[in-house]
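Undergrad: for reference, the sequence and a predicted model appear below.
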Amino acid sequence: MVYSTWIKQLQSFAFILSSFVIFVQSDVPRPRGVSLSKASLYSPTKDFTCFDGTVTIPFSYVNDDYCDCFDGSDEPGTSACLNGVFHCTNAGHRPQNIPSSRVNDGVCDCCDGTDEYTEPNACSNTCEELGKEARAEAQRLAELHKAGSHLKVELIEKGNQKRSEMAEQLSQLEKDKAEAEKIKAEKEALKNELEAKENEALKVYREAEEQERQKKAEQERVDVLKESTEHFERYDSNNDGMLTVDEIKVVNVFDKNKDGEVDEEEIQYFFGENESVDKDIFMATTWPLLKPLLMMEQGMFKPAQDDEEVDPEAEAEDPSRDDTEDLGTDDENLDVDLPQEDTHDQELEQEHTRTYDDETQKLVDEATEARRQLTDAERTVREIESNIRTIKDNLEKDYGLHQEFATLDGQCFEYDDKEYVYKLCLFQKVTQKSKNGGGEVGLGNWGEWAGDDNKYSVMKYTNGVGCWNGPNRMTTVNVHCGLETKLLSVTEPYRCEYKIDLSTPAACDESNSGQQHDSHDEL
């Protein structure tokens with residue numbers, strides 16, 4: 001209680017002292033519109049030299065409502081110079097500089113009314129009232145910064161502890177990576193060794209299978225040749241070694257649409273532009289087109305559309321119907337009958353389903369297990385490398401002068417307005433989600449600190465989702481002192497540009513609380 005009373009008495013004494021200083025200093029002789037700091041430059045006992053040094057004039061020309069200096073420094077108390085500056089003393093409140101063009105314009109810009117001196121009663125002196133409010137606000141902010149600074153100390157301690165822990169984690173991960181890479185190399189060497197033994201053991205099986213495959217392919221080729229030759233000789237009625245258009249016209253199987261005749265379209269389908277084909281051409285081009293039709297006649301396969309019987313009368317009533325649709329494309333018909341080579345997947349499947357002798361099977365199992373272990377080792381190395389990159393990125397981030405923002409990294413805070421829910425994940429991203437549904441829209445990703453006087457007072461989040469016919473969205477976060485970390489407001493002052501006000505103890509600074517609202521050059 002005694003300490004609190006002493007503080008209040010000290011604050012009262014400081015206010016009385018400052019008021020006395022303001023009174024004394026405001027009484028220092030100087031031309032109208034001149035600040036105390038520049039009073040010595042306006043000496044009535046000598047000529048006045050313009051601030052830019054270009055002109056020297058009699059002192060009587062100062063504030064004579066005529067602009068003699070290019071920089072406007074000779075007319076601080078009039079509106080004669082467009083680039084002049086008028087200083088408001090504003091005793092009891094903060095001093096203020098305004099453009100000289102506002103002097104005697106009928107608008108009270110200075111709280112003491114000195115800028116409208118031609119009309120003495122035009123402005124009321126509100127400096128004491130405004131000063132009282134400003135001092136109360138300054139006191140409130142000082143207390144806020146003081147209380148917030150205590151919380152900030154905790155954030156700094158936790159931030160430095162977090163940074164220390166990340167450094168330790170990074171050191172351990174580097175060791176883990178070296179060990180994991182060593183294990184990976186061992187697993188790879190073992191895999192290569194066992195695969196070499198496996199390949200040697202499987203070589204006999206693969207060679208035997210290849211011989212069997214070739215034998216089967218050769219037999220199929222012989223069968224195809226035999227079958228196609230038999231049909232060619234059957235259709236070559238005059239046995240002259242050439243199959244002609246006249247000869248196929250009388251063969252029912254060449255009548256694709258079963259309309260009772262082999263027309264020009266069907267002839268071209270089987271013969272192309274040829275009038276006749278020999279045995280080699282027949283086997284290479286005609287037979288692959290013809291065999292599916294023979295198979296259909298023999299009932300070896302049916303298209304899905306032919307599961308039900310076709311009404312001949314209904315087919316006759318629909319002349320647009322084309323039997324070739326049921327057969328699919330030429331390539332599809334060709335693929336039905338021709339032998340297909342095993343795909344790579346089929347070969348792998350066969351590799352796993354083969355039956356080997358016990359010794360060979362043991363080698364296959366050992367090689368398979370070695371491949372699995374190598375895959376696991378490679379995955380472990382990748383995971384460690386990913387964690388190392390993440391920690392290095394975090395260690396390189398600027399978390400403030402004393403790491404006060406470090407513990408806030410990744411923490412997310414939301415703000416609701418009438419239409420949207422905004423989410424700020426510090427040092428990561430900003431998003432917006434409509435309350436009417438839909439996904440999140442990115443309003444920016446962490447970019448940099450961008451404050452002017454105080455670097456850590458503004459955050460920039462850039463490269464968000466592009467606006468329709470506009471730029472990518474971006475967000476500016478103004479950081480204020482507060483006793484808790486939360487979003488105070490979210491606005492969109494310009495299209496696709498958002499502004500967020502954030503309060504946090506990390507922004508509190510007891511030593512600067514008074515300076516933020518004290519721009520005096522008089523005191």
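TA: Ah, there it is.
Undergrad: check the offset of the strand or helix carrying Leu202 from the chain's centre.
TA: Secondary structure from DSSP states H and E places Leu202 in helix 127-235. Mean-position distance between helix 127-235 and its chain equals 20 Å (C-alpha atoms, centre = their mean, to the nearest Å).
Undergrad: what is the mean pLDDT for that helix?
TA: Throughout helix 127-235, pLDDT has a mean value of 91.
Undergrad: residues in contact with the helix or strand following it?
TA: Downstream of helix 127-235, the first helix or strand assigned by DSSP H and E is strand 242-244. Contact partners of strand 242-244, identified using C-beta atoms under 8 Å, 6 or more residues apart in numbering, comprise Phe232, Tyr235, Asp236, Glu275, Ser276, Val277, Asp278, Phe282, Thr286. The way it works is simple: take the backbone N, C-alpha and C, and place the C-beta from them, glycine included.
Undergrad: in this protein, what spans have low per-residue confidence?
TA: Across the chain, the ranges flagged by pLDDT under 70 are 1-28, 300-353, 512-523.
Undergrad: pull the most distant pair out of the contacts of strand 242-244.
TA: With C-beta to C-beta as the measure, no two of the contacts of strand 242-244 lie farther apart than Phe232 and Glu275, at 16.3 Å.
Undergrad: neighbour-wise, which of those two wins?
TA: Neighbours per residue (other C-beta atoms under 10 Å) separate Phe232 from Glu275, with Phe232 holding more: 21 against 10.
Undergrad: who's in contact with the more buried one?
TA: Phe232 sits next to Leu243, Lys279, Phe282, Met283, Trp287 when contact means C-beta under 8 Å, 6+ apart.
Undergrad: just the ones in helices from those residues, please.
TA: Applying DSSP state H to those, the entries found in helices are Lys279, Trp287.
Undergrad: by neighbour count, which of the contacts of Phe232 wins?
TA: Among those, Leu243 has the most neighbours (other C-beta under 10 Å), with 26 neighbours.
Undergrad: so where do the helices sit in this protein?
TA: Using DSSP H, helices in the chain cover 2-26, 127-235, 245-249, 264-271, 279-281, 287-297, 312-317, 323-327, 330-337, 344-353, 358-396.
Undergrad: got a list of contacts for the fourth one?
TA: Contacts of helix 264-271 with the rest of the structure, by C-beta under 8 Å, 6+ apart, involve Val245, Ile248, Lys249, Phe254, Asp255, Lys256, Asn257, Val277, Thr286, Leu289, Leu290.
Undergrad: buried stuff in it?
TA: Applying a neighbour-count criterion of 16 or more other C-beta atoms under 10 Å, one finds Glu266, Ile267, Tyr269, Phe270, Phe271 buried in helix 264-271.
Undergrad: can you redo these as TSV with distance to Glu154?
TA: Formatted as TSV, the buried residues of helix 264-271 follow (distance: C-beta to C-beta, whole Å):
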residue	distance to Glu154
Glu266	91
Ile267	94
Tyr269	87
Phe270	90
Phe271	93
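Undergrad: between the residues you listed, which sits nearest Lys499?
TA: Lys499 lies nearest to Tyr269 out of the buried residues of helix 264-271, by C-beta to C-beta, at 72.8 Å.
Undergrad: quick one: the closest one from Ser228, how far?
TA: 17 Å (C-beta to C-beta, to the nearest Å).
Undergrad: then Val277?
TA: The gap separating Val277 from Ser228 is 12 Å, by C-beta to C-beta.
Undergrad: out of those two, which sits in the busier spot?
TA: Val277 (22 against 19).
Undergrad: check the offset of stretch 487-507 from the chain's centre.
TA: Chain-centre distance of stretch 487-507: 20 Å, with C-alpha atoms, centre = their mean.
Undergrad: correct me if wrong: Ile500 contacts Thr475.
TA: Yes. Here Ile500 reaches Thr475: they are 6.1 Å apart, a contact under C-beta atoms under 8 Å.
Undergrad: higher neighbour count, these two?
TA: More crowded of Ile500 and Thr475, by other C-beta under 10 Å: Thr475, with 27 against 23.
Undergrad: what separates the more buried one from Asp393, distance-wise?
TA: Thr475 is 20 Å from Asp393, by C-beta to C-beta.
Undergrad: okay, buried residues for stretch 114-122 please.
TA: Residues Thr114, Asp115, Glu116, Tyr117 are the ones in stretch 114-122 that count as buried (16+ other C-beta under 10 Å).
Undergrad: ugh, typo on my part, it should be stretch 396-413
TA: By neighbour count on 16+ other C-beta under 10 Å, the buried set for stretch 396-413 is Tyr399, Gly400, Gln403, Glu404, Phe405, Ala406, Thr407, Leu408, Asp409, Phe413.
Undergrad: just how off-centre is that stretch within its chain?
TA: 20 Å.
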